[in-house]
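Engineer: Got a predicted structure here, sequence first:
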Amino acid sequence: MYETTYHKAGNVAEAASLLAAAEDGQLLAGGQTLIPTMKARLAAPSDLVDISGASDMRGITVNVSAVTIGAMMTHAEVAANADLFAICPALSNLAARIGDPAVRNRGTLGGSLANNDPAADYPAAMLSLDATVVTNTREIAADAFFTGLFETALAEGEIITGVSFTAPGKAAYQKFPNPASRYAMCGVFVSVGPSGPRVAVTGAGADGVFRATEIETALQAKLDPHAIDKVSLDAKAMLSDLHGDGAYRANLVKVMTKRAVAALD
Amino acid sequence: MSAIAVSTTINGDEVEFLCQAEETLLDVLRERLGLTGAKEGCGTGDCGACSVMVDGRLVCACLVLGAEAEGRSIETIEGMANGDELHPLQTKFLEHAALQCGVCTPGFLVAAKALLDANPDPTEEEIRFWLAGNLCRCTGYDKIVRAVQDAAQELRGS
């Protein structure tokens, strides 16, 4: 790692002012991506602002069907929250299967969303759940938040403080993990709310997480795994790499969608 | 660059150290404090050889900064045995020959203890799920799983 300067913020406002004062500052949430990236010298922030002590970025509240989750909640904390499990078990199960136990004890919801790794699990959930990403300056709909590989709508210095969404009637997440890395080669989150099914796919799209609108239309007509039998997905719009080509991933999207629809809870 | 003063508790002892912002907790444990039980395998959070507990939670010490340890309680493999008396997990790893080169062993023991502290009677599937973050390139895992099952049984007193 290159030399850096460490700061600790006690709340969002303090983090924002520390970031603003830094020459090339970076927030340090769980560090499960940032620290390896710094070790590889692919990132060299002049200043790190540790937000693990920011108490206003924590907590999970469930009020009837309105859910809010603080950005600094770890995957393990999200997975273990009984109120959330009661109303949206699909999200709890997703969080329980990110990475491995040590990663889940450090990695955070906000960190995952801000990084927008094309194989990360949370972006698919947020997009499917029609969630709102809340920052220190505004609210951003998930549909407008994820803008490409590792790209988001966040402005320079903007801080995700949490997310909010209305728990869907039913939801499920199914992923096909890479056998070695366990990252999603394809993960499909299906939720069915008042406006119909929303299907979001991670790990497979050439531009990162995306909504499979053709599949949504087919499921709107009939909420059944076989409803998507005739849907054809463009292999060219899928990631193609040594782990699997576009046609393989396009097929995986359908297979994982069918499993998710069959598992809707 | 001025060093950061950190106060922490390691294996029950109050410990203060100085470190640079870019030093990991693993660097501090191994190079400043002489606690070389936790190993650096991959350095990227994949292998689990650097597993330690921070405030009762299993983490990769290579992906935590030394500065982040301020005010926290850390447990390492060095705190697992009670003097010369090995922890049952350590004894069972020896009995079952659940190690060959041994580089992954401290991490496996710390992770397995975290599992058994939370779940004294795990199924084989649960053991494999909760040890998924620890890689062993020698044993093939089977002996490790048997050792953890045997230790769990002994710890339950049955």
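Structural biologist: Yep, it's here.
Engineer: Surely A:Y183 touches A:G203?
Structural biologist: Yes. At 6.9 Å, A:Y183 and A:G203 qualify as touching, with contact defined as CB atoms under 8 Å. Heads up, the C-betas are built off the backbone N, CA and C, glycines and all.
Engineer: These two - which one has more neighbours?
Structural biologist: Using other CB atoms under 10 Å in any protein chain shown as the criterion, A:Y183 and A:G203 rank with A:G203 on top: 31 against 19.
Engineer: can you tell me which residues contact the more buried one?
Structural biologist: Contact analysis of A:G203 by CB atoms under 8 Å, 6 or more residues apart in numbering or on different chains lists A:P118, A:A119, A:K175, A:F176, A:Y183, A:A184, A:M185, A:C186, A:G187, A:L239, A:R249.
Engineer: is chain B contacted by stretch A:16-30?
Structural biologist: Yes. Judged by CB under 8 Å from any CB of the partner chain, stretch A:16-30 and chain B are in contact via A:L28.
Engineer: Over to stretch A:49-60?
Structural biologist: Yes. Stretch A:49-60 is in contact with chain B by CB under 8 Å from any CB, via A:D50, A:S52.
Engineer: Can you point out the buried residues in that stretch?
Structural biologist: A:V49, A:D50, A:I51, A:S52, A:G53, A:A54, A:D56, A:M57, A:R58, A:I60 (16 or more other CB atoms under 10 Å in any protein chain shown).
Engineer: Ok, stretch B:33-49 next?
Structural biologist: Neighbour counts over stretch B:33-49 (16+ other CB under 10 Å) mark B:33, B:35, B:37-39, B:41, B:43-49 as buried.
Engineer: Please give the element, helix or strand, for the residue nearest the centre of chain B.
Structural biologist: Compute the mean C-alpha point of chain B, and by CA atoms, centre = their mean the closest residue is B:V110, 3.2 Å away. In the assignment (DSSP states H and E), B:V110 maps to helix B:105-118.
Engineer: and the helix or strand following that helix with chain A, contact?
Structural biologist: Heading C-terminal from helix B:105-118, the first helix or strand you meet, by DSSP H and E, is helix B:124-130. Yes. Residues of helix B:124-130 contacting chain A under CB under 8 Å from any CB: B:W130.
Engineer: what's helix B:124-130 in contact with?
Structural biologist: Helix B:124-130 is contacted by residues A:P101, B:A111, B:A112, B:A114, B:L115, B:N119, B:P122, B:Y141, B:V145, B:V148, B:Q149 when judged by CB under 8 Å, 6+ apart.
Engineer: what's the answer for stretch B:114-121, then?
Structural biologist: Stretch B:114-121 is contacted by residues A:101, B:53, B:57-58, B:89, B:122, B:126-127, B:130-131, B:148, B:151-152, B:155-156 when judged by CB under 8 Å, 6+ apart.
Engineer: Strands - which of the buried residues of stretch A:49-60 land there?
Structural biologist: A:V49, A:D50, A:I60 (DSSP state E).
Engineer: wait, which of these is closest to chain B?
Structural biologist: Top of the list for closeness to chain B, among those and by CB to the nearest CB, is A:D50 at 6.2 Å.
Engineer: can you put the buried residues of stretch A:49-60 in JSON lines and add pLDDT?
Structural biologist: JSON lines is the format used below for the buried residues of stretch A:49-60 (pLDDT from 0 to 100):
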{"residue": "A:V49", "pLDDT": "98"}
{"residue": "A:D50", "pLDDT": "98"}
{"residue": "A:I51", "pLDDT": "98"}
{"residue": "A:S52", "pLDDT": "96"}
{"residue": "A:G53", "pLDDT": "95"}
{"residue": "A:A54", "pLDDT": "97"}
{"residue": "A:D56", "pLDDT": "96"}
{"residue": "A:M57", "pLDDT": "98"}
{"residue": "A:R58", "pLDDT": "97"}
{"residue": "A:I60", "pLDDT": "98"}
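Engineer: Mutual contacts of A:Y183 and A:G203, please.
Structural biologist: What both A:Y183 and A:G203 touch, as defined by CB under 8 Å, 6+ apart, is the set A:A119.
Engineer: Could I get the full set of helices for chain A?
Structural biologist: Counting by DSSP state H, chain A has helices at residues A:12-21, A:34-39, A:75-80, A:82-87, A:89-96, A:101-106, A:109-115, A:122-128, A:142-145, A:213-221, A:246-262.
Engineer: TSV for these, including mean pLDDT?
Structural biologist: Shown next, in TSV, are these (pLDDT from 0 to 100):
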stretch	mean pLDDT
helix A:12-21	98
helix A:34-39	97
helix A:75-80	98
helix A:82-87	98
helix A:89-96	98
helix A:101-106	98
helix A:109-115	98
helix A:122-128	98
helix A:142-145	98
helix A:213-221	97
helix A:246-262	98
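Engineer: give me the residue from the stretch 101-250 of chain A nearest chain B.
Structural biologist: For the stretch 101-250 of chain A, CB to the nearest CB, closest residue to chain B: A:N105, 4.2 Å.
Engineer: Likewise for chain A?
Structural biologist: For chain A, CB to the nearest CB, closest residue to chain B: A:D100, 2.8 Å.
Engineer: Alongside chain B, which residues does the stretch 51-200 of chain A contribute?
Structural biologist: Listed as neighbours of chain B in the stretch 51-200 of chain A under the rule CB under 8 Å from any CB: A:S52, A:A76, A:G99, A:D100, A:P101, A:A102, A:V103, A:N105, A:R106, A:S181, A:R182.
Engineer: does any part of stretch B:27-40 sit near chain A?
Structural biologist: No. Using CB under 8 Å from any CB, stretch B:27-40 stays clear of chain A, with a minimum separation of 9.6 Å.
Engineer: What average pLDDT does that stretch get?
Structural biologist: Stretch B:27-40 shows a mean pLDDT of 98 in the predicted model.
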